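# sequence? don't have it. structure:
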């Protein structure tokens with residue numbers, strides 16, 4: 001009981017902005033000129049009609065893990081923010097500093113999509129770096145998604161792992177300037193893998209490894225502990241690990257890209273390029289970018305619909321991609337062979 005009272009007293013003494021992630025003041029979310037490169041969470045609902053119960057795309061992950069796993073974010077570009085509760089987004093088809101990216105249906109262009117402002121992920125606006133006396137260090141790039149904690153610092157996602165860092169609040173916001181991002185170079189010889197379950201140390205903190213695919217160079221020195229590099233898109237950490245958790249490994253070989261799910265040649269009824277496309281309720285949201293094969297019942301209906309696709313590709317080695325489908329329609333009078 002005494003422990004519970006002490007915990008309640010501690011929570012009561014915390015500043016209001018630190019009592020809940022929602023209350024941490026990261027300025028700019030309600031700005032009328034909120035435009036540019038941004039991130040949305042994996043559990044975000046993407047709308048085609050920006051109002052409650054409007055046409056939407058099923059969430060890629062119904063389980064909200066944004067606070068615990070901040071790597072679960074996807075790059076978008078905000079093109080309009082004049083609505084109070086929603087912003088209009090486009091899909092840039094790139095990863096940026098996340099291990100997920102949205103892939104738009106290549107048969108459709110100019111698709112108008114919206115997300116709630118509250119579903120924008122905080123990101124680094126400035127690079128962050130720290131070096132410690134034990135030789136460990138961390139370096140993060142602009143655009144890295146982060147998640148605020150109860151204690152005023154931030155969680156940073158490292159594939160399936162995460163680390164807590166004292167990032168300055170002035171370095172965090174919602175709009176970043178995307179640049180050219182290079183994947184880290186993996187070693188071609190003396191390759192080692194860090195075993196899951198390893199307790200790694202970074203300065204005075206650390207974390208327990210969950211990711212099974214940390215590949216690096218085998219340390220040269222044979223000691224009880226070793227320095228090992230964890231590198232990914234927009235981050236590099238040199239951590240101290242138990243030497244017996246670093247094991248020889250084969251070089252990582254990425255999987256080849258999956259073949260296109262769309263037919264290269266269309267025989268039959270089709271929606272022609274340039275045709276306006278709408279939601280089931282008739283709101284025009286896109287145009288056809290190329291021939292789209294459809295089924296044409298007789299007599300010709302008022303509108304003909306097809307399953308458009310929005311994909312989410314992951315490159316953190318746990319699984320490849322997920323695809324959600326949604327209905328887009330064209331006037332039945334413009335369908336031809």
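Yep, that arrived. Just so it is clear, the model here is predicted, and its values are computed rather than measured.
# residue ranges for the helices of this protein, please.
Listed in chain order, the helices of the chain (DSSP state H) span 2-13.
# in it, which ranges drop under the pLDDT threshold?
Where the chain drops to pLDDT under 70, the residues are 1-24, 252, 254-261, 263-264, 298-300, 316-320.
# if we go to 50?
1-23 (pLDDT under 50).
# the domain parsing of it - what is it?
188-253, 270-334 (automatic domain parsing).
# Give me the distance between the two termini of the first one.
With C-alpha to C-alpha, to the nearest Å as the measure, domain 188-253 spans 11 Å from end to end.
# likewise the last one?
From its first residue to its last, domain 270-334 covers 9 Å (C-alpha to C-alpha).
# if we can go back for a sec, nearest to residue 83, of the domains of the chain?
When these are compared by C-beta to C-beta, domain 270-334 sits nearest residue 83, at 14.5 Å. Where you see a C-beta, it was placed from the backbone N, CA and C, and this is true even at glycine.
# How far away from the center of its chain is the closest one?
Here domain 270-334 is found 24 Å from its chain centre; the criterion is C-alpha atoms, centre = their mean, to the nearest Å.
# circling back: including mean neighbour count, could the domains of the chain go into CSV?
Below are the domains of the chain laid out as CSV (neighbours: other C-beta atoms under 10 Å):
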stretch, mean neighbour count
domain 188-253, 16
domain 270-334, 16
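# would you turn those into CSV with distance to residue 125?
Output for those, formatted as CSV (distance: least, C-beta to C-beta, whole Å):
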stretch, distance to residue 125
domain 188-253, 13
domain 270-334, 24
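# Residue 156: which of these is closest?
For the domains of the chain, proximity to residue 156 was assessed by C-beta to C-beta; domain 188-253 is nearest, at 7.3 Å.
# and residue 103, how many neighbours?
Neighbour count for residue 103, taken as other C-beta atoms under 10 Å: 16.
# Kindly report the same for residue 266.
Residue 266 sits with 15 neighbouring residues when counted by other C-beta under 10 Å.
# That one contacts residue 294, doesn't it?
No - using C-beta atoms under 8 Å as the test, residue 266 is too far from residue 294 to be in contact (9.5 Å).
# among the domains of the chain, which is nearest residue 32?
Across those, closest to residue 32 is domain 270-334 (C-beta to C-beta), at 22.8 Å.
# ok now do residue 74, which residues does it touch?
39-42, 98, 100-102, 312 (C-beta atoms under 8 Å, 6 or more residues apart in numbering).
# That one bridge partners, please.
residue 40 (DSSP bridges).
# any idea how far residue 118 is from it?
With distances taken as C-beta to C-beta, to the nearest Å, residue 74 is found 16 Å from residue 118.
# Mind listing residues that contact stretch 203-221?
With contact meaning C-beta under 8 Å, 6+ apart, stretch 203-221 is reached by 130, 132, 134, 136, 158-164, 186-187, 190-200, 226-231, 239-240, 243, 246, 248-249, 251-252, 316-317.
# Quote the end-to-end distance of it.
End-to-end distance of stretch 203-221: 20 Å, with C-alpha to C-alpha as the criterion.
# same check, this time on stretch 296-312
Stretch 296-312 stretches 30 Å from its first residue to its last (C-alpha to C-alpha).
# need the contact list for the nearest residue to residue 171 once chain neighbours are set aside.
Leaving out its chain neighbours, the residue that sits closest to residue 171 by C-beta to C-beta, 6 or more residues apart in numbering is residue 126, at 4.4 Å. Applying C-beta under 8 Å, 6+ apart, we find residue 126 in contact with 142, 170-171.
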